[in-house]
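Colleague: Dropping a prediction and its sequence here:
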Amino acid sequence: MGAYADAYQRSSSDPEGFWLDAADAIDWERSPSRALDDSRAPLYRWFPDGVLNTCFNALDRHVRDGRGEQDALVWDSAMTGTVSRWTYRELLERVSVFAGALRAQGVERGDRVVIYLPMVPEAAVAMLACARIGAVHSVVFGGFAPRELAARVDDARPKVIVAASCGLEPNRVVEYKPIVDEALRLSEHRPDRVIVLQREQATAALGERDLDWDDAVAGAEPADCVPVAATDPLYVLYTSGTTGRPKGVVRDNGGHAVALRWSMSAIYDIGPGEVFWTASDVGWVVGHSYIVYGPLLAGATTIVYEGKPVGTPDSGAFWRVIAEHGVKSLFTAPTAFRAIKRVDPDAVELAKHDISSLRSLFLAGERLDPETYQWAVGKLGIPVVDHWWQTETGWPICANPRGLEPMPVKPGSPTVPVPGYQVEILDQSGEPVPTGRDGAICIRLPLPPGTLPTLWNADDRFRGEYLERYPGYYLTGDSGHVDEDGYVFVMGRTDDVINVAGHRLSTGSMEAVLAEHPAVAECAVIGVRDALKGQVPRGFVVLKAGVEVDEEKLRGELVAAVRDQIGPVAAFRDVSVVDGLPKTRSGKILRKSMREIADTGQTKVPSTIEDPAVLDALRPALRPGG
C-alpha cells in the first residue's frame, strides 16, 4: 500500500491509535491516555484527559528547542510599504506582554475576547495572547458593519474587545473605532474595556472604556502559559454570511493543535524553518488555521500580508512577496488567481520576479474551475493543488497530500478524502449513490480532531443544522460525486443544484463549461424560477482584461458549449456579459443573493460582501430578460 492508502485505512480502522500517534507531535502538560470520547455521541470530543497550552506549542517550545532566532512572522504591508520581521523569541516576548495586559484588565481562563483588527502583526499577537492565558478569542473581520459586530458581541459576551483605529483598503481608510462605538450602542452586552491599536493613517479618539494598546502593554507583566483541557475552547468563529442570529463555530485546543500540526507536514509539506504564505485574512478560518496557528505549530515562518492580489500596486504583488521572502508554498483562493489572470492574462508581471522558491500552490475557498487551474499550471510550472474544507472543519476534508504522498491531479477535483474524514455521497433518502453520480457530500461520524465539536452555547442547533438530516453523518451542505479512482468532485452547495423539468443539474458543471471559453475570466450560473420548468439556469460571465468580442456571438458560443457538454436538458439559453460578480471578502461569489434578486427583485445584502456596488450594478442583468 502507498503512504496515503495506509494512513487513510488506519485512520478509519484504528482512529484511536492513529490520532494518539499524531498527538505525539504536540507538547502536553498531561498527555492524553485515549483519543476519542464518544460518551455523548453524536457530540464527540477528542483527547478528553489531555492538558496543554496552544500558545506554548506555537511559540515557547520553539524557543526552548533552539529556534528562537528564526523568523516566526513576516509582516508585508503593500498598503503602507512596510516589511517587518519578528523572530520566535521576539514574537514570544510580545505575546507574553500582551497576555499580561489582558490579564491586567481582568481576563482569565474561559473569558472571551473579541478581536477586531486588520492584517497587522498585532492580530496574531492578540490571538496567541488569549490562547496563552486560556481565554477564548473571537476574531471578527475588520470592517464588519456595527449591527453584525453587535450580534457577535452579544453572543460571545467578551470581557475585552481589541480593535484598531482603522483598516486600509486600496482607495480608502476605514475607521474602525466609530464602528465599535456604534456596535456597543446597539448591543446588550458591554465589555469592561476596549483596547485600541492606534494606526497613523487614522487615530481614534478614546473614551472612558477605551485604553491605548501602547499604554496597556507599557506596564504589563509578561504572563506565563495557563494549562487548559484539550476539550476547552480555543476560539469561536462566526461563519461568513451570518445574518440575524449568529452561528459561532467552536474550536477546541487539543484536537485543533494535533490536526493542524499533522496537516502542515502531511498535506502542505511544510516543516521547521520553511516559509508558508496564506494570502487570506485572520477574520476567516483560513487565517486562523494557516496564517497563525498551523505554521507556528510547525515551527515554520508565516507571512502576514496586508494588500490585494491586484491593485497594490499591480498584478505582480503576489510574485513580489514570494520572491522577497522565499515562500515555499502559497495558499490562497481561486478568486485571487482569477483576478490576476483577468488583469494580466499573459503573466507579464510574473516575468519580473524570481519565484524559484515556490514549490506548490494551494487553492481553496471557492470551486477551482479548470480554466484557472490550467492557467496557473501553465504560468507557474509547479503543482497546483485544489483542496476543499469549511469553517466548520477548520482544516482540509479533501486534498492532495503533498507531504504524505503526492498524487496525480485531476482538474476539477480536490483529490481524495484526507485521513480522518470518511466521505460518502448520499441521495435524498440517505442511501449511498453509485460511483460518478451526484449527491449530498456527507462525512461519517465521528469527525476527526480539529473539527467543530459544537456551536457556541447551541448544542441543539448544532445537531439540527448538521447532524439530523442524515443520522450518523455530518452534512457538509455541498453536493458532488466520487469517481472510480476515489477522487471527490465538489460541484457546489446543495442549493446550487437546480431542478429543471424534473432533472437535477449542477450549476457548477455549467460554470466549468463557461470557464473553458478563452474570453471568460470568471463566471457564475444560478437557477431562477420558471413557470414551465420549475427552474432554469442563467449564466453571467466576466471577460478577461483587454478582450474584445461580439457579445451576441459569445453568448451563442457559450450556450452551444453547455448544450454540447451538459445536454439540451439543461435548458441553458440565457447568459449575460457583466463587469463583475458580487463576492464576499473571502472571494466567494454571492450566488444566493443573485438568485434572490432574480426571483424576487430583492435580497438582504450580506455583511460579508466585498463591494455592494458590484451587486447593485448587476441588478438590471438579474431581472428577467436583463
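Modeller: Sure, I can see it. Residues are numbered from 1 along each chain as shown.

Colleague: What residues sit buried inside stretch 440-452?
Modeller: Buried residues in stretch 440-452, counting neighbours by 16 or more other CB atoms under 10 Å, are found at Ala440, Ile441, Cys442, Ile443, Leu445, Pro446, Leu447, Pro448, Pro449, Gly450, Thr451, Leu452. For every residue, glycine as well, the C-beta is placed using N, CA and C.

Colleague: Please compute how far the lengthiest helix in the chain lies from its chain's middle.
Modeller: Criterion DSSP state H: the longest helix present in the chain is helix 88-104. Computed by CA atoms, centre = their mean, to the nearest Å, the separation of helix 88-104 from the middle of its chain amounts to 26 Å.

Colleague: Could you dump the buried residues of stretch 440-452 into TSV with pLDDT, secondary structure and distance to Gly480 added?
Modeller: Converted to TSV, the buried residues of stretch 440-452 look like this (pLDDT from 0 to 100; DSSP: H, G, I helix; E, B strand; the rest coil; distance: CB to CB, whole Å):
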residue	pLDDT	secondary structure	distance to Gly480
Ala440	93	strand	9
Ile441	97	strand	5
Cys442	98	strand	11
Ile443	98	strand	13
Leu445	98	coil	19
Pro446	98	coil	22
Leu447	98	coil	18
Pro448	98	coil	19
Pro449	98	coil	24
Gly450	98	coil	22
Thr451	98	coil	19
Leu452	98	coil	21
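
Colleague: which of the residues you listed lies closest to Ile498?
Modeller: Nearest to Ile498 among the buried residues of stretch 440-452 is Ala440, at 15.0 Å by CB to CB.

Colleague: Check which helices and strands the longest helix of the chain is in contact with.
Modeller: Here helix 88-104 touches helix 61-64, strand 71-77, helix 121-133, helix 213-218, going by 3 or more CB pairs under 8 Å, 6 or more residues apart in numbering; DSSP states H and E.

Colleague: If we use 10 Å, what do you get?
Modeller: If contacts are counted by 3 or more CB pairs under 10 Å, 6 or more residues apart in numbering; DSSP states H and E, helix 88-104 sits against helix 54-55, helix 61-64, strand 71-77, strand 82-87, helix 121-133, strand 160-164, strand 193-197, helix 213-218.

Colleague: if you average pLDDT over the helix or strand just after that helix, what comes out?
Modeller: Note on helix 88-104: by DSSP states H and E, the next helix or strand toward the C-terminus is strand 112-116. Average pLDDT, strand 112-116: 98.

Colleague: repeat for stretch 7-18
Modeller: Mean predicted lDDT for stretch 7-18 stands at 97.

Colleague: Would you mark the buried spots in it?
Modeller: By 16+ other CB under 10 Å, the buried positions in stretch 7-18 come out as Ala7, Tyr8, Ser11, Pro15, Phe18.

Colleague: so what's Gly430 up against?
Modeller: Taking CB atoms under 10 Å, 6 or more residues apart in numbering as the criterion, Gly430 is in contact with Glu424, Gly439, Ala440, Cys442, Arg469, Tyr470, Pro471, Gly472, Tyr473.

Colleague: returning to what we had before: next, the buried residues of the longest helix of the chain.
Modeller: Buried positions in helix 88-104, judged by neighbour count with 16+ other CB under 10 Å: 88-92, 94-104.

Colleague: How much space separates the residue nearest the centre of the chain from Arg199?
Modeller: Taking CA atoms, centre = their mean as the criterion, Val286 is the residue nearest the geometric centre of the chain, at 3.4 Å. Distance of Val286 to Arg199, given as CB to CB, to the nearest Å: 24 Å.

Colleague: what about Glu551, distance to Pro448?
Modeller: With the distance defined as CB to CB, Glu551 ends up 48 Å from Pro448.

Colleague: can you tell me which of the buried residues of stretch 440-452 lies nearest to Ala317?
Modeller: Gly450 (31.1 Å).

Colleague: Which residue is the nearest non-sequential neighbour of that closest one?
Modeller: Using CB to CB, 6 or more residues apart in numbering and skipping residues adjacent in sequence, the residue nearest Gly450 is Ala259, 2.8 Å away.

Colleague: tell me the pLDDT at that neighbour?
Modeller: Here the pLDDT value assigned to Ala259 is 98.

Colleague: and if you look at Arg504?
Modeller: Looking at Arg504, its pLDDT is 59.

Colleague: Equivalent analysis for Ala501, please.
Modeller: pLDDT, Ala501: 59.

Colleague: Verify the stated contact: His353 with Ser315.
Modeller: No. His353 is beyond contact range of Ser315, at 11.5 Å (criterion: CB atoms under 10 Å).

Colleague: I figured Trp456 hits Val249, correct?
Modeller: Yes. Counting by CB under 10 Å, Trp456 touches Val249, with 7.7 Å between them.

Colleague: List the residues that are in contact with both of those two.
Modeller: The contact sets of Trp456 and Val249 overlap at Tyr235, Val236, Leu237, Tyr238, Phe462 (CB under 10 Å, 6+ apart).

Colleague: how about the residues you listed in a markdown table, adding neighbour count?
Modeller: Converted to a markdown table, the shared contacts of Trp456 and Val249 look like this (neighbours: other CB atoms under 10 Å):
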| residue | neighbour count |
| --- | --- |
| Tyr235 | 30 |
| Val236 | 25 |
| Leu237 | 25 |
| Tyr238 | 25 |
| Phe462 | 21 |
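
Colleague: Out of those, which one has the lowest pLDDT?
Modeller: Lowest pLDDT of these: Tyr238, 92.

Colleague: contacting residues around it?
Modeller: By CB under 10 Å, 6+ apart, the residues touching Tyr238 are 138-141, 144, 148, 151-152, 155-156, 246-249, 283, 391, 455-456, 607.

Colleague: Met510 is in contact with Glu516, isn't it?
Modeller: No. In this structure Met510 lies outside contact range of Glu516 using CB under 10 Å: 11.1 Å.

Colleague: what do these two both touch?
Modeller: With contacts defined as CB under 10 Å, 6+ apart, the residues shared by Met510 and Glu516 are Cys523, Leu558, Ala561, Gln565.

Colleague: Which of these ranks first by neighbour count?
Modeller: Within the shared contacts of Met510 and Glu516, most neighbours by other CB atoms under 10 Å means Cys523, with 25 neighbours.

Colleague: looking at this, that one is in a strand?
Modeller: Yes. Under DSSP: H, G, I helix; E, B strand; the rest coil, Cys523 falls within a strand.

Colleague: immediately after the lowest-mean-pLDDT helix or strand in the chain, which helix or strand?
Modeller: Using mean pLDDT, DSSP states H and E, the weakest-scoring helix or strand in the chain turns out to be strand 503-506, at a mean of 66. Where DSSP H and E defines the elements, the next helix or strand beyond strand 503-506 is helix 507-515.

Colleague: Would you mark the buried spots in that next one?
Modeller: For helix 507-515, a neighbour-count test (16+ other CB under 10 Å) marks Thr507, Gly508, Ser509, Met510, Glu511, Ala512, Val513, Leu514, Ala515 as buried.

Colleague: ok, now which ones touch the last one?
Modeller: This means Ala515. Neighbours of Ala515 in contact, by CB under 10 Å, 6+ apart: 338, 367-374, 521-523, 541.

Colleague: For the stretch 451-600 of the chain, just list every one of the strands.
Modeller: 473-482, 488-493, 497-500, 503-506, 520-530, 534-543, 574-577 (DSSP state E, counting those that start in this stretch).
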